[in-house]
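Trainee: just the structure for this:
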Amino acid sequence: MSVAAAIRTRDVGELPSRRDEDWRWTDLRGLIRVLPDASEAFTGTLIAGPFDRLAADHHVLVNGGDARIEVAAGKKTLVALRLVSRGAGAHASRVTINLGAGARLRLLESYESDGASVCQTALTITLAEGAALERIVLAQDHEDAVSVSQAEVRLSSTADFGQTIVASGARRQRLETRVVHPGGRASARMDGVYLVADKRHTDHTTVVTHEGVDGTTSQLIKGVARDQARAVFQGKIIVSEGADRTDARMGHHALILSDRAEVDAKPELEIYADDVSCAHGNTVGAMDEDALFYARQRGIPEPEARAMLTEAFIGQVIDRIWFEDARKVVRKWAAERLRV
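Mentor: Numbers count the residues shown, from 1 in each chain. Here you go, the predicted structure:
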């Protein structure tokens, strides 16, 4: 099943459904009965994106299109990539990113929509030997939008891939990353934060496949769900036969702040090698009432105390963003949503 194919043919039968194990909590076929017409070409003016002031090089796709980002061997650059949906149509985008040997890229990626659009973005990312990429994603879709981002990442030996995805949900929102990890002292950091409220839905799905010796993966996802929102985390780390001395760690931790909110989590390790160091953890619970009581005893009003404690909870993930200026943008964005 393919979201892009469904958009192209307007055939809802191509959409993934709950019958597809990977999509059982983000059923698009059961949600979308008729796909909208193709999005119209956009000719208006866009307001600034969340990362615009941080980058001189901008790639903007509005209502679909293709983009290609090439970083030559040994070069270093910073790029803002905006995926924008305007109106209530359907569209797909494709982005190809290639880093040469020893290249460095900071990718500031944002998803923005203003209505009931249906969109899919396919990213193909390739890192040559010794290349380094930090991908920071801010997904701030409209509450009526359906947005799917699917990234395929291939690393080479000694490459360094860092990712932080921050999302506020949509009618349906899925942010998927699949990494082919060669070992060879390459490393992957796969972090994320979600803050969902009202009836919004977000789905963070990741798969990392270790194929060779001496590879590392570190993953930390934290999220908050309130009102009638729903969050999904599916994380899988596969250690293939022969991928000895793999070091892989995964953690997912969520706060549920109302009785009607829901968090579905499925962390998985598949290990086919013997000499490895792997672990995963998952917790879903309510806010620490003792900490809240202590804050209120110090004269902090309850809404402010709740926001403060929640901000500290997710702050551990935000602090792992390497690029300080982007870290500040993400921290401010999160604080604004926690204090409403």
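Trainee: so where's the chain uncertain?
Mentor: Applying pLDDT under 70 to the chain flags residues 1, 287-304, 340.
Trainee: for the spatially most central residue of the chain, helix, strand, or coil?
Mentor: The chain has Ile165 as the residue nearest its centroid, 3.5 Å off, counting by C-alpha atoms, centre = their mean. On the three-state scheme (DSSP: H, G, I helix; E, B strand; the rest coil), Ile165 is labelled strand.
Trainee: next, the contact list for the nearest residue to Leu338 once chain neighbours are set aside, please.
Mentor: Distances taken as C-beta to C-beta, 6 or more residues apart in numbering put Ala307 closest to Leu338, at 4.5 Å, once the chain neighbours are dropped. Where C-beta positions appear, they are placed from N, C-alpha and C, glycine not excepted. By C-beta atoms under 8 Å, 6 or more residues apart in numbering, the contact list for Ala307 reads Ala335, Leu338, Arg339.
Trainee: most neighbours among those, which one?
Mentor: The residue in the contacts of Ala307 with the most neighbours, by other C-beta atoms under 10 Å, is Leu338 (20 neighbours).
Trainee: quick one: list the elements packing against the helix or strand hosting Ile136.
Mentor: Taking DSSP states H and E as the definition, Ile136 sits inside strand 132-140. Strand 132-140 sits against strand 90-99, strand 104-113, strand 118-127, strand 146-154, strand 160-167, strand 172-181, helix 324-338, with contacts defined as 3 or more C-beta pairs under 8 Å, 6 or more residues apart in numbering; DSSP states H and E.
Trainee: tell me the buried residues in the biggest helix by length in the chain?
Mentor: With secondary structure taken from DSSP state H, the chain has its longest helix at helix 302-318. Neighbour-count burial for helix 302-318 flags Ala305, Arg306, Ala307, Met308, Leu309, Thr310, Glu311, Phe313, Ile314, Val317, Ile318 (criterion: 16 or more other C-beta atoms under 10 Å).
Trainee: got the residues you listed as CSV, with distance to Cys278 columns?
Mentor: Converted to CSV, the buried residues of helix 302-318 look like this (distance: C-beta to C-beta, whole Å):
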residue, distance to Cys278
Ala305, 37
Arg306, 35
Ala307, 35
Met308, 34
Leu309, 31
Thr310, 30
Glu311, 31
Phe313, 25
Ile314, 25
Val317, 20
Ile318, 25
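Trainee: nearest to Ala229 among the residues you listed?
Mentor: Thr310 (13.8 Å; C-beta to C-beta).
Trainee: list the contacts for the closest one?
Mentor: Val224, Leu255, Leu257, Met287, Leu338.
Trainee: scan the residues you listed and report the most crowded one.
Mentor: Val224 (25 neighbours).
Trainee: what helix or strand is that residue located in?
Mentor: strand 216-225.
Trainee: following that strand, which helix or strand shows up next?
Mentor: strand 230-239.
Trainee: given that next one, what are its sheet partners and their directions?
Mentor: strand 201-210 (parallel), strand 262-271 (parallel) (DSSP bridges).
Trainee: would you turn those into CSV with mean neighbour count?
Mentor: Below are the strands paired with strand 230-239 laid out as CSV (neighbours: other C-beta atoms under 10 Å):
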stretch, mean neighbour count
strand 201-210, 24
strand 262-271, 16
